[in-house]
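**Q** just coords:
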């Protein structure tokens, strides 16, 4: 890719993005996606097996919050605290994940302040919150639904800001190809719109039932 | 202020910010602050008087959500849907508010995508949510605490992104002077950190009590 000054030394859009010291990807797309997918499947399977005595809905929620929390802490946390991941010249899975994902959103390699702010909140607050939710659901804690609402609203808010700023800035940040736009950008982020919305509605209703029951008791 | 090309035609920082068609403020700082402060005081007074039969805590919360909701919808909503407010050459209170506030944060005049995204969510979703909360608290609805948590987490999230992106971008966006930095930027935004945090803690506890009561009933 390197040549005259007019050709960017990286595969990301916009071509004007400057990434001094960029080192090309060292792992294949299949290896990166396979490892993340496989590790996530193992987490979900483990939580599903260990939660055998609980209700199906609670087991599914625990799987979601375990997967979501570990993604926030490990993947997104790595991004937040590793500004120079795109310069790594030795194979490091997490650096390679972000070199690859930056093809769908070059704001990651370019360290866009909004992406860093949203990912920072997600990694540092929402991530541990998700793991606490796994416990709270298993323990049938009195705060299990409130915590699920808090985390889900935070995930929704972050995702809306994430998508809206792309539209508002009007800068092309996604490389050509349906995988980058539809799978990485739309689908992988869309998950954190759809699932948190469903969880918020479910927990909202559960809290309503609890208060309705309290009022009946008083009456 | 207009002169050679090196002098910006506006009072905002950074001086490199380009605002074609900028028209200087037409109302004084005292008039703008006095009108916003006076109108807010009237709203709070009206809600306080009309909620006389309710508990003090609920009355204070209703005052907060009425003030907060009207600020979100009227002030912030005007900003979101009026990209060219800084060009207005006739006195318009809401345009003048944002010409004045842009001295503390020029991202408003400059239409920074992150500020527009956060203000859009605040004006369109949180604002009406606040007014619904006024009703929900008065009606002692089963969802009053969930709604308060949802709105407060959204306000907190928006404010964290708002402050964090300033630090991360490292661009000076506030004109010199303690009023702009400490009063406009820190205090007027800090309110929406402190109050939502207190409300979240209070409603979190109230939901805990409701679930604890439900469990006792079953046991």
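**A** That came through fine. All values reported here derive from a predicted model rather than from experimental measurement.
**Q** list the buried residues in the helix or strand encompassing residue A:155.
**A** Using DSSP states H and E, residue A:155 sits in helix A:144-169. Using 16 or more other Cβ atoms under 10 Å in any protein chain shown as the test for burial, helix A:144-169 gives A:144-166, A:168-169. Where C-beta positions appear, they are placed from N, C-alpha and C, glycine not excepted.
**Q** got it, and stretch A:17-36?
**A** Going by neighbour count (16+ other Cβ under 10 Å), the buried part of stretch A:17-36 is A:17, A:19, A:22, A:23, A:25, A:27, A:32, A:36.
**Q** give me the distance between the two termini of it.
**A** 27 Å (Cα to Cα, to the nearest Å).
**Q** just the helices from chain A, written as ranges.
**A** All helices of chain A, identified by DSSP state H, fall at A:29-50, A:56-70, A:77-80, A:93-101, A:113-121, A:127-138, A:144-169, A:178, A:188-218.
**Q** can you redo those as CSV with distance to residue B:55 and mean pLDDT?
**A** Output for the helices of chain A, formatted as CSV (distance: least, Cβ to Cβ, whole Å; pLDDT from 0 to 100):
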stretch, distance to residue B:55, mean pLDDT
helix A:29-50, 43, 97
helix A:56-70, 35, 98
helix A:77-80, 43, 98
helix A:93-101, 50, 97
helix A:113-121, 34, 98
helix A:127-138, 29, 98
helix A:144-169, 21, 98
helix A:178, 57, 93
helix A:188-218, 15, 93
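**Q** want to try TSV for these, with distance to residue B:189 as columns?
**A** What follows is the helices of chain A, written out as TSV (distance: least, Cβ to Cβ, whole Å):
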stretch	distance to residue B:189
helix A:29-50	37
helix A:56-70	29
helix A:77-80	23
helix A:93-101	31
helix A:113-121	14
helix A:127-138	23
helix A:144-169	16
helix A:178	41
helix A:188-218	25
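**Q** need the per-residue pLDDT for the nearest residue to residue A:180 once chain neighbours are set aside.
**A** Using Cβ to Cβ, 6 or more residues apart in numbering or on different chains and skipping the chain neighbours, the partner closest in space to residue A:180 is residue A:104 (4.2 Å). For residue A:104, the pLDDT comes out at 98.
**Q** now swap in residue A:9 and tell me
**A** On the pLDDT scale, residue A:9 gets 87.
**Q** look up how far chain B lies from it.
**A** Counting by Cβ to the nearest Cβ, to the nearest Å, the gap from residue A:9 to chain B is 24 Å.
**Q** contacting residues around residue A:75?
**A** A:36, A:94, A:97 (Cβ atoms under 8 Å, 6 or more residues apart in numbering or on different chains).
**Q** contacting chain B as well, which ones from the residues you listed?
**A** Residues of the contacts of residue A:75 in contact with chain B (Cβ under 8 Å from any Cβ of the partner chain): none.
**Q** out of those residues, the closest to residue A:55 would be?
**A** Here the nearest of the contacts of residue A:75 to residue A:55, counting by Cβ to Cβ, is residue A:36; it sits at 28.7 Å.
**Q** if I look at that closest one, how far off is residue A:26?
**A** 16 Å (Cβ to Cβ, to the nearest Å).
**Q** wait, the residue nearest to residue A:180 sits on residue A:187?
**A** No. Judged on Cβ atoms under 8 Å, residue A:104 makes no contact with residue A:187 at a distance of 10.2 Å.
**Q** please identify which of these two sits among more neighbours.
**A** Neighbours were counted for residue A:104 and for residue A:187 using other Cβ atoms under 10 Å in any protein chain shown; residue A:104 has more, 24 against 11.
**Q** what about residue A:95, how many neighbours?
**A** Neighbours around residue A:95, by other Cβ under 10 Å: 23.
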